[in-house]
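[1] compute the structure for the input listed below.
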Amino acid sequence: MMNVREEASEWIRVGVLVAVWSTLLYISKMGLEINWDSVKELPTVISVYATLSYVFAKWLWRMPALQGWLVPYPDLQGTWQGEVRLAGKDSDSDPSVAVPVVLVIKQTLASLSITMHTITSDSYSTAAQFSRNADGTLRLTYNYTNRPKAAVRDRFTIHDGAAILRVVLRPKRVLEGEYWTNHRTMGSISVRFRSRNLMEGFPD
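    This next block holds a predicted model:
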């Protein structure tokens, strides 16, 4: 559970386990005394605990009430739309021209992946993580591989790159920052949150 504060998660796990055990003993009217009968309830306790852990990892961690203290990083899953502006000494693109992009983030409690779609290519993250600066600024950093679509591979080639985006949650959800590639190109990225639905390509 990389997305949960370690100092809190261990205590919460123990607390939930004890609470489940105590509740089952109370319901079964065995009392809270530790004896052989209460120990025999452990398989049921573990099953209930595993179910609760699954529910938390699948859904509950996304609850806004848990963000910022138990879950230190926000739930960014969904489709973001915006633009990329290209620059760099070897870039033939006009930096004043905005390239429309769709950024799709898939996020679970323990994983994070980013896909970017444009009209000419798709980029897939190979590693992604959150980080927080000393001033509290939250950033999303990822490495990616860009695959141009077949129709434009005479002009563009597969390449690797990295991006670092500042996460803005209020008043609007925005990701903005810069990227650079092993083609010695660089530029800026700016996208806004649009939908929880996950798009699978650039819209027609």
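[2] so which bits of stretch 192-204 are buried?
    Buried residues in stretch 192-204, counted by 16 or more other C-beta atoms under 10 Å: 193, 199, 202. From N, CA and C alone the C-beta is placed, and that goes for glycine too.
[3] actually, stretch 50-60.
    For stretch 50-60, the neighbour count (16+ other C-beta under 10 Å) marks 56, 60 as buried.
[4] show me the domain layout of this protein.
    Domain ranges of the chain: 6-66, 78-195, per automatic domain parsing.
[5] model confidence over stretch 179-199, on average?
    In this model, stretch 179-199 has a mean pLDDT of 95.
[6] give me the nearest residue to Pro148, chain neighbours excluded.
    Once flanking residues are discounted, Pro148 sits nearest to Phe156: 3.9 Å by C-beta to C-beta, 6 or more residues apart in numbering.
[7] what do you get for Ala98?
    Closest residue to Ala98 apart from its sequence neighbours, by C-beta to C-beta, 6+ apart: Glu83 at 4.0 Å.
[8] check that neighbour and give its pLDDT.
    97.
[9] and the strands in this structure?
    Here the chain has its strands, by DSSP state E, at 78-87, 98-107, 112-117, 121-132, 138-148, 159-168, 174-181, 186-195.
[10] turn the domains of the chain into a markdown table, columns for distance to Pro72.
    Formatted as a markdown table, those follow (distance: least, C-beta to C-beta, whole Å):
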| stretch | distance to Pro72 |
| --- | --- |
| domain 6-66 | 9 |
| domain 78-195 | 8 |
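[11] before we move on, back to that, among the strands of the chain, which is nearest Val48?
    Taking C-beta to C-beta, strand 98-107 is the member of those nearest to Val48, at 26.7 Å.
[12] ok so, going back, closest one of the buried residues of stretch 192-204 to Asp75?
    Checking the buried residues of stretch 192-204 against Asp75 by C-beta to C-beta gives Phe193 as the nearest, at 10.8 Å.
[13] let me see the contact set for that closest one.
    For Phe193, the contact set (C-beta atoms under 8 Å, 6 or more residues apart in numbering) comprises 76, 78-80, 172-174.
[14] one more: Arg166?
    Per C-beta under 8 Å, 6+ apart, neighbours of Arg166: 137-139, 175-177.
[15] now do 7 Å
    Going by C-beta atoms under 7 Å, 6 or more residues apart in numbering, Arg166 touches 137, 139, 176-177.
[16] then Ala162?
    Contact analysis of Ala162 by C-beta under 7 Å, 6+ apart lists 142-143, 179-180.
[17] separation between it and Leu103?
    For Ala162, the distance to Leu103 equals 15 Å [C-beta to C-beta, to the nearest Å].
[18] likewise Ser53?
    Distance of Ser53 to Leu103, given as C-beta to C-beta: 30 Å.
[19] now do Phe193
    Counting by C-beta to C-beta, the separation of Phe193 from Leu103 is 9 Å.
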